[in-house]
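In: fold the following.
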Amino acid sequence: MTHSVRLIAWIWAVGLAGCSPSTTTSEASYAVFGTTVSVTVRHAQHSDPSAALAELDYLFQALHRDWHPWEPGALTRLNDGLSSGDWVEIPANIEALLARSQRLETASGGRFNAAIGRLVALWGFHTSNYPITTPPPSDPAIDALLAQQPSSLDIEWSEQHDVQHVRTDNASVGLDFSGVAKGAAAELACALLAEAGFVDALVNLGGDVMVCGPAAVPWRVAINHPQSGVLEVLAVDQRLAVFTSGQYHRYGIWDGERYAHVLDPATGRPVKHLVQATAIDPDPVLADAAATALVVAGLDSADHLGEQLGLARWRVVDATPKRQSEASHDAGN
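Out: Modelled structure (predicted):
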């Protein structure tokens, strides 16, 4: 589903190590969002999270179906409605996602933009088959879409008969929530588990990680360097999301030139500078969107953007041939 595969942060095995004799762990895996999502729950031996883990399957499958940017579903129907210029009812589980995306676009200065789905499709990134080996779009085709300045802020809201409706006059707008879908799914998963009485849990969404709540024993999360080794290992015992965006797993290649799947909304073209950005924050939706926005911002602007977004911490890596550099920033310092 997502146009960003982030196989960067891996969970180091915890199992029962350090847990009290009265606790155990349960784990379930789900094939959604174009990756494998695994959920690990620590719990008392006399309790059983199997019902909650089964309910998570229904949740993830519904989100995968309704938020998919190109397979027929609630989001594609909404985009079709928006292209008509008429008022269309917005599905309940997309309403909050759109509202949050509009705020994040403003906060990031447009570096995160959930309305560039038509540009993403133009580049061929609405696919699960990588690398892309077809020709990239022509400059006139890109510029024609870019000239219309697609933005989620072009979408208006109206409550009609107690139901939210949306519309836009901008025909270039195409919603694509790939930059926040995993974060939003992690947030909902933690809420579901907490309601069932399980707060000591970890959600691993293909390498993007969410520690749901207070942990009896810290979860160990490693952030890998895009080219070699481990950058850092985090010991996490409180609610925290660790989301990474990069430009090396999903890409296109044409005429000997490789181009990244992450588009700069300002240029309509793939970013070329920053290789990897990791956003760390208790808010998984913010961390998800910020990871992409930091890649778009680049190394020189990353710290300013991280502060602007109010991130708890971020780490960026630039590994271009002429510029081997990396930076880490903790907003608490």
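
In: for stretch 162-181, give the mean pLDDT please.
Out: Mean per-residue pLDDT for stretch 162-181: 97.

In: so that it lines up with my notes, have the first residue be 41 from now on.
Out: Let's use 41 as the start, then, which means that last one is stretch 202-221.

In: go through that stretch and flag the buried ones.
Out: For stretch 202-221, a neighbour-count test (16 or more other CB atoms under 10 Å) marks 204-208, 210, 212-221 as buried. Quick note: C-beta positions are derived from backbone N, CA and C, even for glycine.

In: out of these, which are inside strands?
Out: Among the buried residues of stretch 202-221, the members found in strands (DSSP state E) are 204, 205, 206, 207.

In: from residue 144, how far out is the third one?
Out: Yep, that's residue 206 we're talking about. 17 Å (CB to CB, to the nearest Å).

In: isn't residue 245 right next to residue 74, touching?
Out: No: with contact defined as CB atoms under 8 Å, residue 245 does not reach residue 74; the gap is 10.2 Å.

In: of the two, who's got more company?
Out: The neighbour count for residue 245 versus residue 74, taken as other CB atoms under 10 Å, is higher for residue 245 (29 against 18).

In: name the nearest residue to the more buried one, ignoring sequence neighbours.
Out: Spatially, and ignoring its direct neighbours in sequence, residue 245 is nearest to residue 222 (4.5 Å; CB to CB, 6 or more residues apart in numbering).

In: can you pull the contacts of the one you found?
Out: Residues counted as contacts of residue 222 (CB atoms under 8 Å, 6 or more residues apart in numbering) are 42, 73, 245, 246, 248, 283, 324, 328.

In: is it true that the fourth one touches residue 71?
Out: No: the pair formed by residue 246 and residue 71 falls short of the contact definition of CB under 8 Å, at 10.3 Å.

In: can you list residues touching both of the two?
Out: Residues touching both residue 246 and residue 71 (CB under 8 Å, 6+ apart): residue 77.

In: so which of the two has more stuff around it?
Out: Ranked by neighbour count (other CB under 10 Å), residue 246 and residue 71 place residue 246 first, with 21 against 12.

In: quick one, strands of the stretch 141-290 of the chain?
Out: For the stretch 141-290 of the chain, the strands defined by DSSP state E, counting those that start in this stretch cover 196-200, 203-207, 241-245, 248-251, 259-264, 270-276, 280-286.

In: tell me which of the ones you listed lies nearest to residue 107.
Out: Closest to residue 107 of the strands of the stretch 141-290 of the chain is strand 241-245 (CB to CB; 13.0 Å).

In: quick one: list the elements packing against that closest one.
Out: Judged by 3 or more CB pairs under 8 Å, 6 or more residues apart in numbering; DSSP states H and E, the packing partners of strand 241-245 are strand 75-84, helix 221-235, strand 248-251.

In: many thanks, we can stop here.
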